[in-house]
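> pasted the sequence and its predicted model underneath.
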Amino acid sequence: MQSRTGFSFHLIIVVTVLAVLSGCAGRPEGVLVPTEARAAQTSNVDVLVATTRRPSETPGMLFSGERGKDLQVTEIAVSVPPDSAREIGQVQWPKKLPANPAKEFATISVTPMAPQSAQGWLKQHLPKSRRVLVFVHGFNNRYEDAVYRFAQIVHDSKADVAPVLFTWPSRGSIFAYNYDKESTNYSREALEEMLRRLSQEPTVGEVTIMAHSMGSWLTVEALRQMAIRDGRVAPKIQNVILASPDLDVDVFSHQLAEIGEKRPHFTLFVSRDDRALSLSRRISGNIDRLGQVDPTVEPYRSEFEKAGIVVLDLTALKTGDRLNHGKFAESPEVVKLLGNRLIAGQTVTDSNVGLGERLGAVAVGTAQTVGSAASVAVSAPIAIFDPATRRTYNEQVDRFGNAVGNTVTTAVGQ
């Protein structure tokens, strides 16, 4: 008879596979073939894409999930349908080719570039903020998945950035977890070198890195290597956002120590109902994954505070993602928060997020005492845990008082 543990493990696999298969069903192959069709009120997102993947011989795929020998750079322009024709937070995949730009994402142009030409692209696309946003995707992503998802994030967040995508060799299969993990290791030096070159570019003022899932491992490893090699992470790399990080918590602790105290500011998106990370935890020796921890409990609570890490807990937030693994990109509110605050390099705390920007509709609970610090009970769709919050608790409770019952929309606990 199969044990309860074994049954649960296999159930997770079945649910995950079905969700992934159903999510990819009906997508045509070759969406990166440029279309000449145009539609009114669409928006174009120009992305610089760097990859360690092997080129594909299939038209419109550009790169496969296999490992390439050299870093390849491509400029890709993606057309996003008018907001009236789409749901914010979602990628409207073409039902057939050519895509209909009025209702679907469409590829406008694909321009292969020599790596040294990236400097010219940056000079042309840097906004007044002089900020570059680097996105590193996660497990089970094809090249086109990463391109369209990043275009969606940039468009929906309205981030004032030059968007740069780093895509590593993922086979886009739920059964290729170990291959994908080794592919991140294969790509560490390439990402490290790309980040170094971006930081050394005089026209660039600041670099923010956003990584999802297994891409978080690759990102933190690249930063660790840079710190060991150069003595510190490049100063222009000021913010690192890890969304649903598929990272062993023990390993992350050691990585941070090796990066050193002169490190970028880290922000984490976590969700305890993340099914993909539940599977990862099972096949990784039952060690907690960073993206699934409860930031209100020890030892995580104290460790996050000591490291100066802000954690946004999305557990209570509901989206259309059946795996609860992509909430950071699919929730319109979170994407807005990304653009308005995090990508812009602003620390998100209870004291600097106005009521109009708060999410959900809950009340602040009764103040509790943890050691010598007051805390606020959390029952919100999005709860923010940051090191500065302890210093503002008494002011928060006094300010909101008993009248907040039906108006406060996010509680902050630390």
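Done, it's in.

> which elements pack onto the helix or strand harbouring Ala257?
Assessed by DSSP states H and E, Ala257 sits inside helix 249-259. For helix 249-259, the packing partners by 3 or more CB pairs under 8 Å, 6 or more residues apart in numbering; DSSP states H and E come out as helix 214-230, helix 300-307. Heads up, the C-betas are built off the backbone N, CA and C, glycines and all.

> most packed of those?
helix 214-230 (a mean of 22; mean count of other CB atoms under 10 Å).

> check which element follows it along the chain.
strand 237-243.

> model confidence over stretch 188-207, on average?
What stretch 188-207 shows for mean pLDDT is 96.

> who touches it?
Contact with stretch 188-207 is made by 50, 52, 71, 118-119, 122-123, 126, 129-132, 134, 136, 164, 166, 168, 209, 218-219, 221-223, 225-226, 229-230, 234-239, 345, as judged by CB atoms under 8 Å, 6 or more residues apart in numbering.

> Leu133 falls within a strand, correct?
Yes. Assessed with DSSP: H, G, I helix; E, B strand; the rest coil, Leu133 lies in a strand.

> how about it, nearest residue that isn't a chain neighbour?
Spatially, and ignoring its direct neighbours in sequence, Leu133 is nearest to Val161 (3.9 Å; CB to CB, 6 or more residues apart in numbering).

> kindly report the same for Val147.
Ile76 (5.7 Å).

> picking that back up, need the helices and strands packed on helix 249-259 in TSV (columns: distance to His155).
What follows is these, written out as TSV (distance: least, CB to CB, whole Å):
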stretch	distance to His155
helix 214-230	20
helix 300-307	31
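
> distance of the closest residue to Arg38 other than its chain neighbours from Lys95?
Distances taken as CB to CB, 6+ apart put Pro101 closest to Arg38, at 6.1 Å, once the chain neighbours are dropped. Separation of Pro101 from Lys95 (CB to CB, to the nearest Å) stands at 13 Å.

> the more surrounded of the two?
Pro101 (24 against 12; other CB atoms under 10 Å).

> would you agree the more buried one is in contact with Ala39?
Yes. If you go by CB atoms under 8 Å, Pro101 and Ala39 touch, sitting 4.0 Å apart.

> please enumerate the strands of the stretch 101-250 of the chain.
Remark: strands assigned in the stretch 101-250 of the chain by DSSP state E, counting those that start in this stretch are 106-113, 131-136, 162-167, 206-212, 237-243.

> for those, which one sits closest to Arg272?
Among these, the nearest to Arg272 by CB to CB is strand 237-243 (14.7 Å).

> so how many other residues sit close to the residue nearest to Leu133?
24.

> please give me every residue in contact with it.
Neighbour list for Val161: Pro127, Ser129, Arg131, Val132, Leu133, Val154, Thr208, Ile343 [criterion: CB under 8 Å, 6+ apart].

> how about Ala50?
When contacts are taken as CB under 8 Å, 6+ apart, Ala50 is in contact with Leu71, Gln72, Val73, Pro115, Ala118, Val164, Leu165, Phe166, Thr167, Ala190, Met194.

> rerun at 10 Å
71-74, 113, 115, 118, 134, 164-168, 190-191, 193-194, 197-198 (CB atoms under 10 Å, 6 or more residues apart in numbering).

> what helix or strand is it on?
Ala50 belongs to strand 43-55, assigned by DSSP H and E.

> buried stuff in that strand?
Residues Val45, Asp46, Val47, Leu48, Val49, Ala50, Thr51, Thr52, Arg53, Arg54 are the ones in strand 43-55 that count as buried (16 or more other CB atoms under 10 Å).

> wait, which of these is closest to Gly285?
The closest of these, once distances to Gly285 are taken by CB to CB, is Thr52, at 27.2 Å.

> I figured that closest one hits Ser64, correct?
No. Using CB atoms under 10 Å, Thr52 is not in contact with Ser64; the gap is 11.5 Å.

> picking up where we left off before, include mean neighbour count and distance to Val33 when you put the strands of the stretch 101-250 of the chain into CSV, please.
As requested, those are arranged in CSV below (neighbours: other CB atoms under 10 Å; distance: least, CB to CB, whole Å):
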stretch, mean neighbour count, distance to Val33
strand 106-113, 18, 7
strand 131-136, 26, 23
strand 162-167, 24, 18
strand 206-212, 26, 26
strand 237-243, 24, 30
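
> just put those strands in a markdown table and tack on distance to Ala329.
As requested, the strands of the stretch 101-250 of the chain are arranged in a markdown table below (distance: least, CB to CB, whole Å):
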| stretch | distance to Ala329 |
| --- | --- |
| strand 106-113 | 19 |
| strand 131-136 | 10 |
| strand 162-167 | 13 |
| strand 206-212 | 8 |
| strand 237-243 | 7 |
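
> of those, which is nearest Glu261?
Once the strands of the stretch 101-250 of the chain are compared by CB to CB, strand 237-243 is nearest, at 14.6 Å.

> angle of the closest one against helix 249-259?
Interaxial angle of strand 237-243 relative to helix 249-259 (axes from the mean of the first three to the mean of the last three CA atoms, to 10 degrees): 180 degrees.

> now the helices and strands packed on helix 249-259 as a markdown table including distance to Ala243 and mean pLDDT?
Converted to a markdown table, the helices and strands packed on helix 249-259 look like this (distance: least, CB to CB, whole Å; pLDDT from 0 to 100):
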| stretch | distance to Ala243 | mean pLDDT |
| --- | --- | --- |
| helix 214-230 | 8 | 97 |
| helix 300-307 | 16 | 90 |
